[in-house]
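Undergrad: Quick one, structure for this:
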Amino acid sequence: MESLSSKLLLFFSFSLCLLYQLAGSYSTNVQYCDKKGDYNVKVKEVKISPNPIARGKPATFSISATTGEAISGGKVVIDVSYFGWHVHSETHDLCGETSCPVSIGDFVFAHTQVLPGFTPPVSHNSIHSYK
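TA: Numbers count the residues shown, from 1 in each chain. As a prediction, the model looks like this:
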């Protein structure tokens, strides 16, 4: 029988590509990298604040999602690509970014960080892969 933590690791080992416009609009398009994958976490919406983002300033990425099973802990790996180039990777404790345990149903994962000075200032598409 699998432990809850190993279920959670599998639970958050899904690969998700989030495509969004960083300037001018709060609307988002969410696409899963594996179109045939059966994900336990379903992403409903991504909000970016402020919008547009600013170089060297904090930006908050809020991901609204839903789950069919309770989550008591785990980690979230975030891979960031820009026009197909891998530019950043980081790992976070799930319970450090949202309240744990996460109950069955809707929840929000929010992460704030200061964006580097080389952040493109123009409207563009970016791909975030959440595992």
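Undergrad: Count the neighbours of the nearest residue to residue 49 once chain neighbours are set aside for me.
TA: Leaving aside its sequence neighbours, residue 49 sits nearest to residue 60 (CB to CB, 6 or more residues apart in numbering; 4.8 Å). Any C-beta I mention is one placed from the backbone N, CA and C, and that applies to glycine too. Counted with other CB atoms under 10 Å, the neighbours of residue 60 add up to 13.
Undergrad: quick check, residue 64 in a strand?
TA: Yes: Residue 64: assigned to a strand according to DSSP: H, G, I helix; E, B strand; the rest coil.
Undergrad: residues in contact with it?
TA: 43, 44, 45, 46, 47, 106, 107, 108 (CB atoms under 8 Å, 6 or more residues apart in numbering).
Undergrad: For it, give its distance to residue 104.
TA: Distance, residue 64 to residue 104, using CB to CB, to the nearest Å: 15 Å.
Undergrad: In this protein, where is pLDDT below threshold?
TA: For the chain, the stretches flagged by pLDDT under 70 are 1-31, 79-83, 87, 118-131.
Undergrad: This protein: helices as residue ranges?
TA: 4-11, 94-97 (DSSP state H).
Undergrad: for the last one, packing partners?
TA: Just to be clear, that refers to helix 94-97. strand 75-82, strand 105-114 (3 or more CB pairs under 8 Å, 6 or more residues apart in numbering; DSSP states H and E).
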